[in-house]
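Undergrad: Based on what follows, work out the 3D shape:
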Amino acid sequence: MSVSQIVLAVRKDLNDQAVYLVAKALWENSKELAPVLPALRTWSPENMVNTHIGGVPYHPGGIKFYKEVGAWTAEMEKYQKDALAGK
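TA: Numbering: from 1, shown residues only. Purely as a prediction, here's the structure:
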C-alpha cells in the first residue's frame, strides 16, 4: 500500500494559533479521521512534515506544533529557510 501525501495549504496571514490547532487535531486524531475521509486511510501523522512539497514554506503555527512533538528537524529548518528564500 502506498502512503498518501496530503498538502493542506493556508494563507500566510492565517492566525498562527488556528494553524497550530488544525495541525494538532490532525496529528492527534488521525486514526479517527481515516474512516471519514478515504484519502486518510494510508496517511499518518509522521507524513505531515517532509521536504517533498515543492518549495512551499510551512506556516509558523504548524512549525510551532511540529517542534513540540519533535517532528521538526534540522533538515526541515533548512527546507524552510530555502523555501522562504525562493530556492
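Undergrad: which residues touch residue 48?
TA: By C-beta atoms under 8 Å, 6 or more residues apart in numbering, the contact set of residue 48 is 23, 26, 27, 66, 71. Every residue, glycine included, has its C-beta placed from N, CA and C.
Undergrad: I'd like those as JSON lines, with distance to residue 77, pLDDT and neighbour count appended.
TA: Shown next, in JSON lines, are these (distance: C-beta to C-beta, whole Å; pLDDT from 0 to 100; neighbours: other C-beta atoms under 10 Å):
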{"residue": "23", "distance to residue 77": "17", "pLDDT": "95", "neighbour count": "25"}
{"residue": "26", "distance to residue 77": "21", "pLDDT": "91", "neighbour count": "18"}
{"residue": "27", "distance to residue 77": "19", "pLDDT": "92", "neighbour count": "18"}
{"residue": "66", "distance to residue 77": "11", "pLDDT": "97", "neighbour count": "21"}
{"residue": "71", "distance to residue 77": "12", "pLDDT": "96", "neighbour count": "18"}
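Undergrad: Which of those residues fall in helices?
TA: 23, 26, 27, 66 (DSSP state H).
Undergrad: would you turn those residues into a markdown table with distance to residue 44?
TA: As requested, the ones in helices among the contacts of residue 48 are exported to a markdown table (distance: C-beta to C-beta, whole Å):
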| residue | distance to residue 44 |
| --- | --- |
| 23 | 14 |
| 26 | 10 |
| 27 | 10 |
| 66 | 14 |
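Undergrad: before we move on, the earlier item: can you redo the contacts of residue 48 as CSV with distance to residue 81?
TA: What follows is the contacts of residue 48, written out as CSV (distance: C-beta to C-beta, whole Å):
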residue, distance to residue 81
23, 20
26, 24
27, 23
66, 15
71, 17
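Undergrad: and of the residues you listed, the nearest to residue 41?
TA: residue 26 (14.2 Å; C-beta to C-beta).
Undergrad: my read: that closest one touches residue 47, true?
TA: No. Taking C-beta atoms under 8 Å as the definition, residue 26 is not a contact partner of residue 47, at 10.5 Å.
Undergrad: Output the contacting helices and strands for the helix or strand of the chain at the bottom of the mean pLDDT ranking.
TA: When the helices and strands of the chain are scored by mean pLDDT, DSSP states H and E, helix 30-33 comes last with a mean of 88. Helices and strands touching helix 30-33, by 3 or more C-beta pairs under 8 Å, 6 or more residues apart in numbering; DSSP states H and E: there are none.
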